[in-house]
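S.K.: 3D model of this:
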Amino acid sequence: MKKKILISTGGSGGHVIPAITIHDHLKNKYDVVISTDLRGFKYLDSINHKIFVVDTPRLNRLVLIPLAILKVFFLTLKSLFLLKREKIYILISTGGYMSLPLCLAAKMLKIKIFLIEPNMIIGRANKFFLNFCEKIICYDSNIISFPKKFQNKLIALNPLIRKKYYEKNFKLKTDKIFTVIVIGGSQGAQIFDGLLHESFIKISKIKSLKVIHQTNQNNINFLKNLYSKDEIDNVVFNFDQNLDILLKQADLCITRAGASSLAEVASLNIPFIAIPLPTSKDNHQFENANYYKNKNCCWIVEQTNFDQLKFEDLLIGILKNDDDFIKKKKNLENLNYQNTWNNVNQNLLRILNEN
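M.R.: You can find the predicted model right below:
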């Protein structure tokens, strides 16, 4: 009988994507189940994943903190029963406050805990559980704000990206038109939905562009009509399970700076302009993007100081300065050298089996 592993995740796709990837890495060696909150449930496929819902409340509203603490207490009891009933051997947490009850229960039951930290600055939940975990798996050994006394628990692993992003069996571009893809705007951020298309239309007068644009559902027809009116080849969409296929058509990506998004774009050797979410906890999106900028793989545009004319100058410079663009693409190729699904799989299994 296979030993059972529970992966705790929830919230955003940035938590769930690593969980799904870990599931796929481990499913042949272990019996793997996933716990998520209600927000994370929408990202999971109940046909391919065994799912438990532990809907942990946020703890950041002072008025509601007493009620939230009470709910966490009852969810910890629920987690104790869940872990015992399912005979969980290892708990893997992808971070976030939603992991709190399960990690507390795992500690009480002396179940091995492994933490995943995809961001370049350690999350608060992961920092809290460093004392209890066996190891914390990060994408780099120089994580910001990481306590030195726990340095021996940190293991660097290549980013956990979905298997389809390693597959190179896609058609090479047959046209020479420069293609820009915009992702990260499905929630209707004004900078993605209301400004970028204006710049693309202006620049298309200078050089032909194809635009693949993720946007708010209510904005799709508006953008399609605008691009078509100016004779810009375009694909406008709200959400796509096969985003990898669209990304593989692109020369340049404009994106937020979630760790999973950047890892997947980088794995395809696509230079990108990162516009980090300025309200991200501890400014972690900026630090994620800065990791790639320091390796000369991308450009960063800060939303709080966004200047549309400077942004357009940046795009024009990218289109005209082939040397800089090619250099960044080459740096991404070097960064991904020997990064394969099998290598990550073997290293992940080794980490779990050593403890």
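S.K.: who's in contact with Ala263?
M.R.: By CB atoms under 8 Å, 6 or more residues apart in numbering, the contact list for Ala263 reads Pro118, Tyr139, Pro159, Leu160, Ile161. To be clear about C-beta, it is placed using only N, CA and C from the backbone, and glycine gets the same treatment.
S.K.: In which helix or strand does it reside?
M.R.: Remark: Ala263 resides in helix 259-267, with elements defined by DSSP states H and E.
S.K.: For that helix, what does the pLDDT average out to?
M.R.: The pLDDT scores in helix 259-267 average 94.
S.K.: I'd like to know which elements the very next helix or strand once past it is packed against.
M.R.: Note on helix 259-267: by DSSP H and E, the next helix or strand toward the C-terminus is strand 272-274. Counting contacts by 3 or more CB pairs under 8 Å, 6 or more residues apart in numbering; DSSP states H and E, strand 272-274 packs against strand 252-255, helix 259-267, helix 284-293, strand 298-300.
S.K.: and if we set it to 10 Å?
M.R.: Judged by 3 or more CB pairs under 10 Å, 6 or more residues apart in numbering; DSSP states H and E, the packing partners of strand 272-274 are strand 178-182, strand 252-255, helix 259-267, helix 284-293, strand 298-300, helix 308-320.
S.K.: Turn those into CSV, including distance to Asn28.
M.R.: Below are the helices and strands packed on strand 272-274 laid out as CSV (distance: least, CB to CB, whole Å):
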stretch, distance to Asn28
strand 178-182, 33
strand 252-255, 32
helix 259-267, 22
helix 284-293, 30
strand 298-300, 35
helix 308-320, 42
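S.K.: can you give me the helices in this protein?
M.R.: Ranges of helices within the chain are 13-26, 38-41, 65-85, 100-108, 124-128, 190, 196-204, 220-229, 243-247, 259-267, 284-293, 308-320, 322-335, 341-354, based on DSSP state H.
S.K.: okay, those helices in TSV with distance to Ile273 next?
M.R.: As requested, these are exported to TSV (distance: least, CB to CB, whole Å):
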stretch	distance to Ile273
helix 13-26	19
helix 38-41	28
helix 65-85	38
helix 100-108	35
helix 124-128	29
helix 190	17
helix 196-204	10
helix 220-229	18
helix 243-247	14
helix 259-267	11
helix 284-293	9
helix 308-320	7
helix 322-335	11
helix 341-354	27
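S.K.: Select, out of these, the one closest to Ile144.
M.R.: Proximity to Ile144 (CB to CB) singles out helix 284-293 among the helices of the chain, at 5.9 Å.
S.K.: Leu100 and Lys205, how far apart?
M.R.: Using CB to CB, to the nearest Å, one gets 53 Å for the distance from Leu100 to Lys205.
S.K.: Between these two, point out the one with more neighbours.
M.R.: Neighbours per residue, other CB atoms under 10 Å: of Leu100 and Lys205, the larger number sits with Leu100, 22 against 9.
S.K.: what residue is smack in the middle of the protein?
M.R.: In the chain, the centroid-proximal residue (CA atoms, centre = their mean) is Ser260; its distance is 2.0 Å.
S.K.: My guess is that residue contacts Gly95. True?
M.R.: No. The criterion here is CB atoms under 10 Å, and Ser260 misses it with Gly95 at 11.9 Å.
S.K.: related to what we said a few turns ago, to Ile51, which of the helices and strands packed on strand 272-274 lies closest?
M.R.: Closest to Ile51 of those is helix 259-267 (CB to CB; 19.1 Å).
S.K.: Which per-residue confidence value corresponds to the spatially closest residue to Leu195 that is not a sequence neighbour?
M.R.: Of all residues not flanking Leu195 in the chain, Gln308 sits nearest, at 6.1 Å (CB to CB, 6 or more residues apart in numbering). The score at Gln308 is 92. That number is its pLDDT.
S.K.: Gln308 is in contact with His197, isn't it?
M.R.: No. Taking contacts as CB under 10 Å, Gln308 lies outside contact range of His197: 11.4 Å.
S.K.: Looking at the two now, which is surrounded by more residues?
M.R.: Between Gln308 and His197, counting by other CB under 10 Å, His197 is the more crowded of the two (23 against 13).
S.K.: how close does that one get to Cys253?
M.R.: With distances taken as CB to CB, His197 is found 16 Å from Cys253.
S.K.: Please apply the same query to Leu247.
M.R.: Look at Leu247 and Cys253: by CB to CB, they are 7 Å apart.
S.K.: same check, this time on Ala263
M.R.: Plainly put, Ala263 is 12 Å away from Cys253 if you go by CB to CB.
S.K.: list residues touching both of the two?
M.R.: By CB atoms under 10 Å, 6 or more residues apart in numbering, Ala263 and Cys253 have no common neighbours.
S.K.: Looking at the helices of the chain, spot the one closest to Ser145.
M.R.: Nearest of those to Ser145, taken as CB to CB: helix 124-128 at 7.4 Å.
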